[in-house]
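Asks: Pasting the sequence and the predicted coordinates here, then a few questions.
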2 protein chains.
Amino acid sequence: MSGSTLLFPVVGRPVTQVQAPAAFNPLFAACGVDAIVVPLEMPSEGVVRRVRDLLDSASDGGILVTVPYKKALLEAADRLSARAEAAGAVNSIRRNADGSLSGDLLDGIGFVAGLRAYGHEPQGRSALIVGAGGAGAAIGAALLESGVRRLSLFDRDAAVARALAARLQPLAQGADIVVLDALAGPGQDIVVNATPLGMREDDPLPFDPMTLAPATLVVEIIMAPARTRLLAVAAARGCPTHPGRPMLDHQLPAYLDFFAMPEVASEARARLDRGLAKEPSSETTP
Amino acid sequence: MSGSTLLFPVVGRPVTQVQAPAAFNPLFAACGVDAIVVPLEMPSEGVVRRVRDLLDSASDGGILVTVPYKKALLEAADRLSARAEAAGAVNSIRRNADGSLSGDLLDGIGFVAGLRAYGHEPQGRSALIVGAGGAGAAIGAALLESGVRRLSLFDRDAAVARALAARLQPLAQGADIVVLDALAGPGQDIVVNATPLGMREDDPLPFDPMTLAPATLVVEIIMAPARTRLLAVAAARGCPTHPGRPMLDHQLPAYLDFFAMPEVASEARARLDRGLAKEPSSETTP
């Protein structure tokens, strides 16, 4: 830490739960980069102004956005990536050389990178996302960018799913975007639980894995518990499964690319590779 | 670092020179306190609003103020200490339990604590401050609070010295405050150089130590060089001298008291005591 230290605040409310400082700071230290991720709780009143003010500071290298501001801070950016625009949310904002502010949404990038790290390539496959809220939107945008053949959306509120389908259309690249009226049956290569169901022990299953073909990859984004009841039931059914943690881990290099820190991003990727070499089968099944 | 880490930004422009992170952060770490001092460059436009916004954040434990905002940020505080009011500057702002913002000026407290640490008690003595700018104001306020018998002020612009004398009057506690028209002669127990003269090798002396009584304590607040030409000439004259560094070091516990961190303040004082035990004579002459 010095007078030249570059700050990357994690903006949210509350922020006591954020894990980004613990994830990023050892990487900066290992790479000899004088930068630090710090939590920064922010009141909702005037949050766009507050964030734009913050990004005015020469001490600020960019911000990470967490709940509940991913939607509200769309407005803080002058330019949005196509996926942020489609999903209607940002989780990162940086100042460009020309002074303008760019916003991006990297959750879905981390999701797809996490799948690929465990050998699950979504390109050319059919995927179903259950839950069309913020997480479903981010994942849907990234799955379309990764080249899925068909993206199906289900939400218990069909209107929400239809609205997301419409917003995602610009990212389709020829893929079919389908809104399902019911969680019926097989025909999916990948099924993602993007609802909060599974965080609590007594939650009902978000969908019944017994209706899936045994080759269907069942994916969680819930991190605690690491092994939800959905994953357990899917595994018992014989389905391959993929837990929530890799999505978070694989966002790190994406953030570092976005903040134009390629060397730290490489170090983050190298560490992820070493982690994979160490414990390949404990986190995801092939 | 965690999501609960309390931030203490050093607000200034630029901030690349600030040494507070290196001074405070090892103390927090040693005391197991989840807090961190970070540099935060801030544009001058709207700096009062920016600082008040920052102090709204639950992540913010308070701010340290450095140049050029010590005057401008008077306005950011709802309440000022008498010394901040008199000197017309703040170097620290905290949020109180009732939500109000208190501003204080701790430079002079550090100055007096630094003198005392080396056995130079100002109470009951006569002191002359040469230079009635921001540093002179902070030191003058603290010397009056410490109980000097007489405070003399000299500035090459006599109107500036007169204005400061008037502002300091509420802190006088019965002391005489005198504005000198010329830097004449003896009669001072302590003379402080509060001008920037001495930072550069070819600067003229701020005053001529040969006009002082040999018992006069000659004090610098310049830190680099540690031994200015003034100190060298004064020592050759036989005067006791006191360098600039202790003022900075002894502000640390004052800041920590202000931010209501008494345990960290104690640790800071203990470290200063140990430092004094190690190298008493290299920094100041008795």
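Replies: That came in fine, so what should we check first? Residues are numbered from 1 along each chain as shown, chains lettered A, B, ... in the order given.
Asks: so is the closest residue to A:Asp157 other than its chain neighbours in a helix, a strand, or just coil?
Replies: Leaving aside its sequence neighbours, A:Asp157 sits nearest to A:Ala132 (Cβ to Cβ, 6 or more residues apart in numbering or on different chains; 7.9 Å). Yep, even glycine has a C-beta here, placed from its N, CA and C like the rest. With DSSP: H, G, I helix; E, B strand; the rest coil as the basis, the three-state label of A:Ala132 is coil.
Asks: A:Ala132: what's it in contact with?
Replies: Counting by Cβ atoms under 8 Å, 6 or more residues apart in numbering or on different chains, A:Ala132 makes contact with A:140, A:153-155, A:157, A:160-161, A:163-164, A:194.
Asks: switch to 6 Å and redo it
Replies: A:Ala132 is in contact with A:153, A:155, A:160-161, A:164, counting by Cβ atoms under 6 Å, 6 or more residues apart in numbering or on different chains.
Asks: Now do it, the pLDDT please.
Replies: On the pLDDT scale, A:Ala132 is placed at 96.
Asks: so how far is A:Met199 from it?
Replies: Distance of A:Ala132 to A:Met199, given as Cβ to Cβ, to the nearest Å: 18 Å.
Asks: Could you double-check that A:Met247 lies in contact with A:Ile222?
Replies: No. A:Met247 is beyond contact range of A:Ile222, at 9.9 Å (criterion: Cβ atoms under 6 Å).
Asks: Which residues of the stretch 51-200 of chain A lie near chain B?
Replies: Within reach of chain B by Cβ under 6 Å from any Cβ of the partner chain, the stretch 51-200 of chain A has these residues: A:53, A:56-59.
Asks: do that again at 8 Å, thanks
Replies: Residues of the stretch 51-200 of chain A lying close to chain B (Cβ under 8 Å from any Cβ of the partner chain) are A:53, A:56-60.
Asks: Let me see the domain layout of chain A.
Replies: Chain A breaks down by automatic domain parsing into domains covering A:6-105, A:108-246.
Asks: which secondary structure elements does the top helix by length along chain A contact?
Replies: The single longest helix within chain A, with elements called by DSSP state H, is helix A:262-278. Using 3 or more Cβ pairs under 8 Å, 6 or more residues apart in numbering or on different chains; DSSP states H and E, the elements in contact with helix A:262-278 are helix A:20-30, helix A:251-258.
Asks: Show residues contacting the next helix or strand after the first one.
Replies: Past helix A:20-30, further along toward the C-terminus, the next helix or strand under DSSP states H and E is strand A:35-41. The set of residues that contact strand A:35-41 without belonging to it, under Cβ under 8 Å, 6+ apart, is A:1, A:5-16, A:18, A:20-21, A:23-25, A:28, A:54, A:61, A:63-64, A:261, B:1-5, B:7, B:36, B:38, B:57-60.
Asks: Drop anything exposed from the residues you listed.
Replies: Buried subset of those (neighbour count, 16 or more other Cβ atoms under 10 Å in any protein chain shown): A:1, A:5-13, A:15, A:18, A:20-21, A:23-25, A:28, A:54, A:61, A:63-64, A:261, B:1, B:3-5, B:7, B:36, B:38, B:57-60.
Asks: can you list the helices and strands packed on helix A:262-278 in CSV and add distance to A:Ala182 and mean pLDDT?
Replies: Converted to CSV, these look like this (distance: least, Cβ to Cβ, whole Å; pLDDT from 0 to 100):
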stretch, distance to A:Ala182, mean pLDDT
helix A:20-30, 38, 95
helix A:251-258, 32, 97
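Asks: about what we covered before: mark which of the contacts of A:Ala132 are part of helices, please.
Replies: Taking DSSP H, the ones among these that sit in helices are A:160-161, A:164.
Asks: among those residues, who's most crowded?
Replies: Ranked by neighbour count (other Cβ atoms under 10 Å in any protein chain shown), the ones in helices among the contacts of A:Ala132 have A:Leu164 at the top, with 26 neighbours.
Asks: thinking again about what came up before, please report phi then psi for the residue nearest to A:Asp157.
Replies: For A:Ala132, the backbone dihedrals (degrees, to the nearest 10) come out as phi -110, psi 30.
Asks: OK, contacts around the residue nearest in space to the middle of chain A?
Replies: For chain A, A:Asp107 is the residue whose C-alpha lies nearest the centre (Cα atoms, centre = their mean; 1.9 Å). Applying Cβ under 8 Å, 6+ apart, we find A:Asp107 in contact with A:91, A:135, A:138-139, A:142, A:247, A:251.
Asks: Take these and lay them out in CSV including neighbour count.
Replies: Formatted as CSV, the contacts of A:Asp107 follow (neighbours: other Cβ atoms under 10 Å in any protein chain shown):
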residue, neighbour count
A:Asn91, 30
A:Ala135, 23
A:Ala138, 28
A:Ile139, 25
A:Ala142, 26
A:Met247, 27
A:Gln251, 25
